[in-house]
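Engineer: A predicted structure for the sequence below; I have some questions about it.
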Amino acid sequence: MVDLSVDLGFMKLKNPILTASGTFGYGLEFTPFFDLSILGGVITKGIFLEPTEGNPPPRIWETSCGMLNSIGLQGIGVERFTREILPVLRKFDTHIIVNVCGHTDDEYARVASYLSREKGISAFELNISCPNIHRNGLCPAMDPEWTYRIVKMVKEVTSIPIIVKLSPNVTDI
C-alpha cells in the first residue's frame, strides 16, 4: 500500500484529497455517493454569523466558453451549522475545515470564536478572497494590511489553525 499522507505541520492528512469550499456544499450532500471518510478532509461552504440568502436567480448562466456563477455565499449561519451539520460531519474519519466568512472584519473573529467552542474542527479557512460589499466591492485579500488585520483578529480568539483563502487576483503574495 502506498502512503499518501500529507503533513501540513499543524495537521496530518491521510491523503491529499480535500474538497474545495463552495463546490462541495457542507459535505453531507455527497454522502449518498461515497463515504466522506476516504477524503483527507472536507472544507465546508462558507459560514457567516447569521444565515445569508445569497443572490437572487438566475445564479448560474451558461456561456459559449463555460459558465458564470453568482451564488452570493448563501448559507445557514453558524448556529444552524453547529446544530445540524457539524455533529454529522464528526462521524466521518476525516478532517473538518470550516470556511469562515464575514461581512465585516469583526464578523470573521466572531464566527471563529463561536466555532472554537466546538469539538472536531481541524482548521479554519478564512474566506477573504471574495469582494466585501461593505467596502465598495474590494477584496480583503488584495490588501496586505487588511489581510493582516483580519488574520490577527481571528488568531486572537482561537487556537485552531488558520488557512487563508487568497484571491486569484493577487499576483504577488
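Structural biologist: Good, I have the coordinates.

Engineer: most centrally placed residue in the protein?
Structural biologist: The centroid of the chain falls nearest to N99 when counting by Cα atoms, centre = their mean (1.6 Å).

Engineer: next structured bit after the strand or helix carrying that residue?
Structural biologist: Assessed by DSSP states H and E, N99 sits inside strand 95-100. Sequence-wise, the next helix or strand downstream of strand 95-100 (DSSP H and E) is helix 105-115.

Engineer: who touches whichever helix or strand comes after that next one?
Structural biologist: The helix or strand immediately downstream of helix 105-115 is strand 123-127, counting by DSSP H and E. Contacting residues not belonging to strand 123-127 are listed as 10-11, 21, 43, 46, 95, 97-101, 108, 112, 115, 150-151, 154, 158, 160-165 [Cβ atoms under 8 Å, 6 or more residues apart in numbering]. C-beta here means a position set from N, CA and C on the backbone, and glycine is covered the same way.

Engineer: relative to the whole chain's centre, how far out is whichever helix or strand comes after strand 123-127?
Structural biologist: With elements assigned by DSSP H and E, the helix or strand that comes after strand 123-127 is helix 144-155. In terms of Cα atoms, centre = their mean, to the nearest Å, the centre of helix 144-155 is set 16 Å apart from its chain centre.

Engineer: pull out the buried residues from the lowest-mean-pLDDT helix or strand in the chain.
Structural biologist: Lowest mean confidence among the helices and strands of the chain (mean pLDDT, DSSP states H and E): strand 66-69, at a mean of 85. For strand 66-69, a neighbour-count test (16 or more other Cβ atoms under 10 Å) marks nothing as buried.

Engineer: same question for stretch 19-29.
Structural biologist: T19, S21, G22, F24, Y26, G27, L28.

Engineer: circling back: pretty sure the residue nearest to the centre of the chain is touching T23, no?
Structural biologist: No. Look at N99 against T23 with Cβ atoms under 8 Å: they stay out of range, at 10.9 Å.

Engineer: same question for the strand holding N99, mean pLDDT?
Structural biologist: For strand 95-100, the per-residue pLDDT values average out at 98.

Engineer: likewise for stretch 74-91?
Structural biologist: Across stretch 74-91, the average pLDDT comes to 97.

Engineer: over to stretch 111-128?
Structural biologist: For stretch 111-128, the per-residue pLDDT averages 97.

Engineer: can you list the buried residues in it?
Structural biologist: The neighbour-count check on stretch 111-128 (16+ other Cβ under 10 Å) flags 111-112, 114-115, 118, 121-128 as buried.
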